[in-house]
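**Student:** The sequence isn't on hand, but the structure is:
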């Protein structure tokens with residue numbers, strides 16, 4: 001089977017980008033052919049499958065097809081431009097670029113089916129092409145529907161014409177049915193998966209991993225966060241919690257991996273709160289993320305809303321308990337056997353849960369089960385097998 005996969009974002013730096021990368025890799029392992037289309041600043045030639053790129057301007061690159069940066073629903077490590085600030089002319093140029101690249105890809109690749117990511121512009125263009133297609137609804141597209149009325153007609157047309165809209169969590173499924181006014185039968189639930197090539201139990205030393213970033217404290221507790229620096233990720237809540245748990249846990253360190261629009265603001269909040277052992281590591285590769293997850297004593301997902309929470313599954317796969325908010329898709333798979341759930345926007349409850357996990361050494365008592373739990377339920381092989389079934393239905 002030949003699958004064309006357009007995504008509004010590069011394959012690194014966003015949850016849906018990592019999702020697309022891993023689905024493509026798993027499809028190839030299963031014997032299918034894949035062509036991916038993404039925006040970028042330079043051609044992406046590092047993937048084991050063919051990739052077409054729409055080249056956007058970051059202000060420094062040459063040969064850009066579009067003279068603005070690729071737009072986002074919130075933010076991205078390589079772009080802070082949002083869909084909502086584009087001019088009408090830029091929206092039209094964006095739409096035309098996707099039409100051109102998808103049309104050329106169809107002519108060259110001759111796909112059997114299109115798997116578009118986000119209920120947004122790419123599936124709208126797919127609908128114009130007349131090929132069978134499915135969509136993955138990632139949740140940020142639902143946020144975009146509320147914030148960007150100029151794009152609603154595109155989203156609704158795509159939702160009405162797709163064979164199926166994959167929801168990545170129970171919350172996303174309910175919201176998609178309500179937002180796009182489609183039947184539940186058309187919105188199957190297929191959760192995210194994680195990349196088993198990267199996220200697994202590793203024989204790594206905490207001191208060595210911290211040393212790579214110029215940090216010490218290999219014998220002290222370590223708290224990790226991974227995610228975009230945007231409001232709905234709740235980084236400010238974690239920093240306020242750190243102001244509490246730093247006093248209760250001797251030598252505890254907190255590392256935050258990611259980047260985004262709130263980078264400077266979160267640095268300022270760290271200073272305002274007087275936090276001494278909170279470190280910002282910026283955007284990192286999946287290999288480095290896996291090493292950080294493995295040496296962390298607990299990983300935190302303090303989101304105000306979280307369509308699924310892939311970083312939580314990745315941490316579990318690395319044998320690390322997760323403390324997360326009871327928001328969006330996180331309650332679907334975080335429980336007391338693998339971590340803890342806390343209320344949204346509650347730094348006191350978050351701090352108490354972190355203190356409990358570290359004080360009770362749940363890295364040892366929950367970690368092995370967390371790894372098995374992730375591998376039993378959330379590998380990409382299991383999820384992509386379900387997707388291929390949808391592709392076959394769409395084609396037929």
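**Tutor:** Here it is on my side, so go on. Being a predicted model, the structure only gives us computed values, none of them experimental.
**Student:** my read is residue 6 is in a strand, agree?
**Tutor:** Yes - the assignment for residue 6 by DSSP: H, G, I helix; E, B strand; the rest coil puts it in a strand.
**Student:** And the pLDDT at it?
**Tutor:** Residue 6 carries a pLDDT score of 98 in this model.
**Student:** That one is in contact with residue 118, isn't it?
**Tutor:** No - at 9.4 Å, residue 6 and residue 118 do not qualify as touching, with contact defined as C-beta atoms under 8 Å. Backbone N, C-alpha and C define where each C-beta goes, glycine included.
**Student:** And stretch 361-368, what's buried?
**Tutor:** Of the residues in stretch 361-368, those with enough neighbours to count as buried (16 or more other C-beta atoms under 10 Å) are 362, 363, 366, 367.
**Student:** out of those residues, who's nearest residue 145?
**Tutor:** In terms of C-beta to C-beta, no member of the buried residues of stretch 361-368 lies closer to residue 145 than residue 366, at 37.2 Å.
**Student:** who's in contact with the residue lying closest to the closest one once chain neighbours are set aside?
**Tutor:** When the adjacent residues along the chain are set aside, residue 366 lies closest to residue 321, with 4.6 Å between them (C-beta to C-beta, 6 or more residues apart in numbering). Taking C-beta atoms under 8 Å, 6 or more residues apart in numbering as the definition of contact, the neighbours of residue 321 are 297-299, 315, 338-340, 357, 362-363, 366-367, 370.
**Student:** quick one: the strands in the chain?
**Tutor:** In chain order, the chain shows strands spanning 2-6, 33-40, 51-55, 113-117, 133-137, 164-167, 222-226, 253-257, 278-282, 298-301, 322-325, 339-342, with DSSP state E as the criterion.
**Student:** helices or strands next to the longest one in the packing?
**Tutor:** Put plainly, it is strand 33-40. When contacts are defined as 3 or more C-beta pairs under 8 Å, 6 or more residues apart in numbering; DSSP states H and E, strand 33-40 sits against strand 2-6, helix 15-29, strand 51-55, helix 88-109.
**Student:** can these go into TSV with extra columns for mean neighbour count and distance to residue 247?
**Tutor:** Formatted as TSV, the entries for those read as follows, by neighbours: other C-beta atoms under 10 Å; distance: least, C-beta to C-beta, whole Å:
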stretch	mean neighbour count	distance to residue 247
strand 2-6	23	48
helix 15-29	22	33
strand 51-55	19	48
helix 88-109	15	49
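**Student:** ok, what's across the strand from the nearest residue to residue 131 once chain neighbours are set aside?
**Tutor:** Using C-beta to C-beta, 6+ apart and skipping residues adjacent in sequence, the residue nearest residue 131 is residue 114, 5.5 Å away. Taking DSSP bridges, one finds residue 4, residue 133 as the beta-bridge partners of residue 114.
**Student:** List of residues touching stretch 269-286?
**Tutor:** Against stretch 269-286 from outside (C-beta under 8 Å, 6+ apart): 12-13, 18, 77, 195, 198-199, 213, 215, 217, 236, 239-240, 242-243, 246, 251-259, 263, 266-267, 292.
**Student:** residues touching the nearest residue to residue 348 once chain neighbours are set aside, list them.
**Tutor:** The shortest distance from residue 348 to any residue other than its chain neighbours is 6.7 Å, reached at residue 244 (C-beta to C-beta, 6+ apart). Applying C-beta under 8 Å, 6+ apart, one finds that residue 244 lies in contact with 347, 348, 351.
**Student:** Could you check the pLDDT of the second one?
**Tutor:** Same thing as residue 348. With respect to pLDDT, residue 348 has a value of 98.
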